[in-house]
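Q: this one's structure only:
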């Protein structure tokens, strides 16, 4: 089974969307194997967004700084989800990074609407887009290890697995 990381951002916490967002992943058959609310340090975010995600390298220091300021506005909920091709499935469910471009039915498409232009030119702020999701399976491995210790992840069976996972061949 593949593990992936999501982080419910301060805007999701402030809007009371934790349960609603998590239930979408559970309903599709993903399993929560780790979860915690925390207020990470700037160093923690730097490692997450630059060492792993290369935000400064790809998008510039200004984007990184605005993102960091936004993430420091309040606590976040970090969650490790497990399932078949979990990283790809979660990215599809989350939708495009820019909420304006996220399709209806995705988390960002249903709960956000701000555009890059508005964030950059009008409010000079970060994109309030509810959730971070690992970009792919390799990034997920690095992010899960950064946010969670091994003993914070759990292995257990759910009733839903009998209906959401393929049966093993004999």
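A: Ah, there it is. These figures come from a predicted structure and were not determined experimentally.
Q: residue 53 touches residue 139, doesn't it?
A: Yes: applying Cβ atoms under 8 Å, one finds residue 53 in contact with residue 139, separated by 7.3 Å. Heads up, the C-betas are built off the backbone N, CA and C, glycines and all.
Q: show me which of these two is the more surrounded one.
A: Of the pair residue 53 and residue 139, residue 53 is the one with more neighbours under other Cβ atoms under 10 Å, namely 21 against 17.
Q: would you list the phi and psi of that one?
A: The phi/psi pair for residue 53 (degrees, to the nearest 10) reads phi -90, psi -10.
Q: so which residues of the protein form helices?
A: Assigned helices in the chain, in chain order: 10-14, 18-27, 42-46, 55-59, 61-71, 86-94, 107-111, 116-117, 137-147, 161-164 (criterion: DSSP state H).
Q: compare the mean pLDDT across the ones you listed and name the weakest.
A: Lowest mean pLDDT within the helices of the chain: helix 116-117, a mean of 70.
Q: name the nearest residue to residue 154, ignoring sequence neighbours.
A: residue 33 (5.3 Å; Cβ to Cβ, 6 or more residues apart in numbering).
Q: any figure for the gap between that neighbour and residue 10?
A: Distance from residue 33 to residue 10, counting by Cβ to Cβ, to the nearest Å: 23 Å.
Q: what about stretch 9-28, how long is it end to end?
A: 21 Å (Cα to Cα, to the nearest Å).
Q: let's have the chain start at 57 instead
A: Sure, I'll start numbering at 57, so the last one becomes stretch 65-84.
Q: count of neighbours near residue 58?
A: 17.
Q: got a list of what it touches?
A: 138-143, 193, 196 (Cβ atoms under 8 Å, 6 or more residues apart in numbering).
Q: just flag the most distant two among the residues you listed.
A: Farthest-apart pair in the contacts of residue 58 is 140 and 196; separation 13.4 Å (Cβ to Cβ).
Q: higher neighbour count, the two?
A: Using other Cβ under 10 Å as the criterion, residue 140 and residue 196 rank with residue 196 on top: 25 against 13.
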